[in-house]
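1. structure, please.
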Amino acid sequence: MKNDLTCAVVRDLLPSFAEGLTGAETNAAVEAHLSVCPDCAASLAAMRQTETAPAGAEREVDYLKALRRRGRRKVALGILCTAALLLCALGAKLFLIGEAAGKSGLSWSVLSDGKTDLQLRVFTAESAASYCRWRVEETDGVVTITARKVLSSPLYPSGDYRTTLDLSGVREVYLGGKLLWQNGVTIFPSTAALYDAKTPYVGNASALGRITAALVPGLPGGYTMALQTAEEPYEWTFVYDIPCTARAAVDLDRRMQEAAPLLFALVGNLGEISWTYPLEGGDDQSRTVTLSEVNDTLGEKTAAYNAANGADLAPRDSVRDYLDSAADLQRLVNLLQP
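-> You can find the predicted model right below:
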């Protein structure tokens, strides 16, 4: 076959020729041209080199994918490390650092002669909490006992604490911000709670609820409260709906009479306390005690306390005269003990 193909025609045929799509006669003509035309031969060689490029490109793609995988692993590792650090910080906060011991969650007992030393034992009132790093500091006659509250763990499994304080020159002792001893008077946790709950208004129902919750011993349950705040004397009434036996009625009357002085002391404008209840097989019963009636008994109660304890306390005019401090309220509680 005469080889009369021009370079332009051959270059048009080269893509098909390189892929084996041309016929035998065309192949022979193209090959004859390539044998005498270095330019077209070079074009074919370049074309065939381009065809082999995908293998290299595939390797490049695989390399980029590997880089991305390594990048994702590094990001995931960074996230895991950050989460681990946060968990460690949280664990340290909960189990090691904790928070300052506050007024709630602690109970205590005190043995003291009021003059030379004070033996203190502290208990935790929360099963999951412990206390650690106790510190005792004194400044100008005020002793402050502090601690850190943490979650219970093998490192700090208990919240109990014991110490003996020298009372020489000491006026007050505070535990976790709560006054527990003042000028020879040991303040019970229940008294401290009562002092914190005091309110000037009988109309503050939530404060009244806190007062009754802090009473030790508490009032018989099963009552609702009614408040008369329209005119003086302002009245606080406890309404019992369940019928009482004669014996239960006697106990209810006694416990209300015993609680009345503290209730009058802790509610600033309270004038009367009443309670009502139905008797089994009988009529409804109603009892009332007034502030003046309670105040009239203070002289007798003070004299009885002095005789029983070898004390020389002076009687005060009103139960409300015992609210200058938690220690004063504790003195009233002591006087009222049967």
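
2. let me know whether D284 touches P278 as I believe.
-> Yes: under the contact definition of CB atoms under 8 Å, D284 touches P278, with a separation of 5.0 Å. From N, CA and C alone the C-beta is placed, and that goes for glycine too.

3. who has more neighbours out of these two?
-> More neighbours surround P278 than the other of D284 and P278, with 15 against 11 (other CB atoms under 10 Å).

4. contacting residues for that one?
-> Listed by CB atoms under 8 Å, 6 or more residues apart in numbering, the contact set of P278 reads Y240, D241, I242, P243, C244, D284, Q285.

5. next: E126.
-> Shown in contact with E126 (CB under 8 Å, 6+ apart): G105, G159.

6. cool, A308 as well?
-> Contacts of A308 (CB under 8 Å, 6+ apart): none.

7. in PDB, list the C-alpha atoms belonging to the helix or strand it falls within.
-> For A308, the host element (DSSP states H and E) is helix 298-309. Output of helix 298-309 as PDB, limited to C-alpha atoms (Å, rounded to 0.1, in the frame of the first residue of the first chain):
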ATOM      1  CA  LEU A 298     -40.500  32.300 131.900                       C
ATOM      2  CA  GLY A 299     -39.800  33.200 135.500                       C
ATOM      3  CA  GLU A 300     -40.900  29.800 136.800                       C
ATOM      4  CA  LYS A 301     -39.000  27.900 134.100                       C
ATOM      5  CA  THR A 302     -35.800  30.000 134.700                       C
ATOM      6  CA  ALA A 303     -36.000  29.200 138.400                       C
ATOM      7  CA  ALA A 304     -36.400  25.500 137.800                       C
ATOM      8  CA  TYR A 305     -33.500  25.500 135.400                       C
ATOM      9  CA  ASN A 306     -31.200  27.300 137.900                       C
ATOM     10  CA  ALA A 307     -32.100  24.900 140.600                       C
ATOM     11  CA  ALA A 308     -31.500  21.800 138.500                       C
ATOM     12  CA  ASN A 309     -28.200  23.100 137.000                       C
END
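
8. could you look up the SS state of the nearest residue to C244 once chain neighbours are set aside?
-> Excluding its sequence neighbours, the residue lying closest to C244 (CB to CB, 6 or more residues apart in numbering) is Y277, at 5.1 Å. Recorded secondary structure, Y277: strand (DSSP: H, G, I helix; E, B strand; the rest coil).
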